[in-house]
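> pasting the sequence and the predicted model now:
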Amino acid sequence: MGLSIRAYARHRGVTDKAVRKAITAGRITPNKDGTINAKKADKEWKDNTDKSKQRPIIKDPNYDPEQAAQNVNQVLKESGKDIDDGSSQGHPSFIKIKTAHELYKAQLTQLALQERKGHLINKEMVKAQIFKLGRQVRDSWVNWPARISPLMAKELEVDEHALHTILEKYVREHLNDIGEGKLKLD
């Protein structure tokens, strides 16, 4: 006994209309009782199908089903909604995938709301601001010897140019040490 048209369509991953069309066109032959021998029909389907008329199956080269399953399970676990629906071989069922999708959308909505309220800030913007502030501090220190050396030279009664050169040398060394991580800023 073979498979029904609908069962064979599920087996092939096509619609039952496609199976009926293949039978009508003579590409596959059903048994006398109208059922379909899956092995025989698969071979006939392969041998009698014009490849040029087939729709190409477009596969995403970056899609990894194992990684997708891990992502679904991770979203569910993080949300405390780890559903044990008895899905086979660790692959999530449609219900798990749909639940994870809805939870993920809810998380994105929550993050967007927190950002609008000012509870979250953009990481790249913070990095840019810190860089800008660091550059301002560095520039301030680089310019400090030129600004302070005349005042110090007068107070100490030493050569202004010599003092400026020495201050500039040590300020630059200090800034280089900070930049290379040799000094800890506590």
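Yep, it's here. On a predicted model such as this, the values are computed, not experimentally measured, just so you know. Numbers count the residues shown, from 1 in each chain.
> please, which helix or strand holds the residue nearest the centre of the chain?
Compute the mean C-alpha point of the chain, and by CA atoms, centre = their mean the closest residue is N71, 10.3 Å away. Assessed by DSSP states H and E, N71 sits inside helix 65-78.
> roughly how far is that helix from the heart of the chain?
Shown here is helix 65-78, whose average C-alpha point lies 13 Å from the average C-alpha point of the whole chain (CA atoms, centre = their mean, to the nearest Å).
> hang on, the earlier thing: excluding chain neighbours, what is closest to the residue nearest to the centre of the chain?
Among residues not flanking N71 along the chain, A100 sits closest, at 7.6 Å (CB to CB, 6 or more residues apart in numbering). (Glycine included, C-beta is placed from N, CA and C.)
> the lengthiest helix in the chain - what's its average pLDDT?
When the chain is parsed with DSSP state H, its longest helix is helix 123-156. Taken as a whole, helix 123-156 has a mean pLDDT of 93.
> so where's this protein shaky on pLDDT?
1, 56-59, 81-91, 184-186 (pLDDT under 70).
> try it again with 50
Low-confidence segments of the chain, defined by pLDDT under 50: none present.
> in it, which spans are helices?
Under DSSP H, the chain gives helices at 5-12, 16-25, 38-47, 65-78, 94-117, 123-156, 160-179.
> and those helices as TSV, adding distance to R55?
Written out in TSV, the entries for these read as follows (distance: least, CB to CB, whole Å):
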stretch	distance to R55
helix 5-12	14
helix 16-25	11
helix 38-47	15
helix 65-78	22
helix 94-117	24
helix 123-156	42
helix 160-179	59
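> go through these and pick out the most buried.
Stretch with highest mean neighbour count among these: helix 5-12 (a mean of 17; mean count of other CB atoms under 10 Å).
> how far off helix 38-47 does that one point, in degrees?
Inter-element angle recorded for helix 5-12 and helix 38-47: 60 degrees (by axes from the mean of the first three to the mean of the last three CA atoms, to 10 degrees).
> helices or strands next to helix 5-12 in the packing?
The helices and strands touching helix 5-12, judged by 3 or more CB pairs under 8 Å, 6 or more residues apart in numbering; DSSP states H and E, are helix 16-25, helix 38-47.
> out of the ones you listed, which is closest to E124?
The stretch from those with the least distance to E124 (CB to CB) is helix 16-25; that distance is 49.9 Å.
> quick one: the residue nearest to the centre of the chain from F94, how far?
Using CB to CB, to the nearest Å, one obtains 15 Å as the distance from N71 to F94.
> same deal with A106?
From A106 across to F94, the span is 19 Å (CB to CB).
> ok, now V14?
The spacing between V14 and F94, counted by CB to CB, is 19 Å.
> and what of P61?
Noted for P61: a distance of 24 Å to F94, by CB to CB.
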